[in-house]
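# below: sequence and its predicted model.
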Amino acid sequence: MSNVIQLDDSYFVAPQLVEADLASLKSQGFERIINNRPEAESADQPSGESIRAAAEALGMEYVSNSIDLSKLSQEQVDFQSAALLEDKKTLAFCRTGTRSSVLWVLLENGKGGNSSDLISYVSGKGFDLSRCSMAMAPLLKV
């Protein structure tokens, strides 16, 4: 799996995972997988349950926090934050990595990070968050 993008010391994002990716991720030191993709978003998408089973079989923690940007809420941001309380090397994924990046921006902004700087940083990593601005706006702290 070569398309893993590091956003901070322990939070990485990637597009859709498949079960076969997990052994490689484990060998790279990942301890937690967070699935930010809703089930059955596309016909070729593996089930969250199959990813969970494969992750847990390797001794990795699995968290499901399904995100639909049109319904993004503070509750989902808080859930992601709670999942990250214990410091572990974490890979969050969705279809392209964008939703997982949006959550990171919102989490860092909630800790006092400047939203414009955070969005620019993530954009520099290859994620265009402009299409997510409407979903993010009500949750960004000034």
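Nice, thanks for sending it over.

# distance of Ile34 from Ser24?
Distance, Ile34 to Ser24, using CB to CB, to the nearest Å: 17 Å. (C-beta placed from N, C-alpha, C; glycine too.)

# now do the contacts for Asp78.
By CB atoms under 8 Å, 6 or more residues apart in numbering, the contact list for Asp78 is empty.

# how near is it to Leu106?
10 Å.

# could you look up the SS state of Val102?
At Val102 the chain is in helix, as set by DSSP: H, G, I helix; E, B strand; the rest coil.

# isn't it right next to Asp68, touching?
No. Taking contacts as CB atoms under 8 Å, Val102 lies outside contact range of Asp68: 11.6 Å.

# higher neighbour count, those two?
A side-by-side neighbour count of Val102 and Asp68, using other CB atoms under 10 Å, places Val102 first with 26 against 14.

# the more surrounded of Ile34 and Ser24?
Shown here are Ile34 and Ser24; by other CB under 10 Å, Ile34 has more neighbours (22 against 12).

# which SSE is that one in?
strand 32-35 (DSSP states H and E).

# next structured bit after that strand?
Next along the chain from strand 32-35, counting by DSSP H and E, comes helix 48-57.

# so what secondary structure elements neighbour that following helix?
helix 21-27, strand 32-35, strand 61-64 (3 or more CB pairs under 8 Å, 6 or more residues apart in numbering; DSSP states H and E).

# touching the lowest-mean-pLDDT helix or strand in the chain from outside, list them.
In the chain, the helix or strand scored least confidently by mean pLDDT, DSSP states H and E is helix 133-136, which has a mean of 92. With contacts defined as CB under 8 Å, 6+ apart, helix 133-136 is touched by Leu69, Ser70, Leu72, Val102, Val105, Leu106, Ser115, Leu129.

# cool, and stretch 16-25?
1, 4, 33, 37, 45-46, 50-51, 54-55, 58, 60, 91, 93-95.

# which of these has the most neighbours?
Neighbour-wise, the contacts of stretch 16-25 (other CB under 10 Å) top out at Leu91, 28 neighbours.
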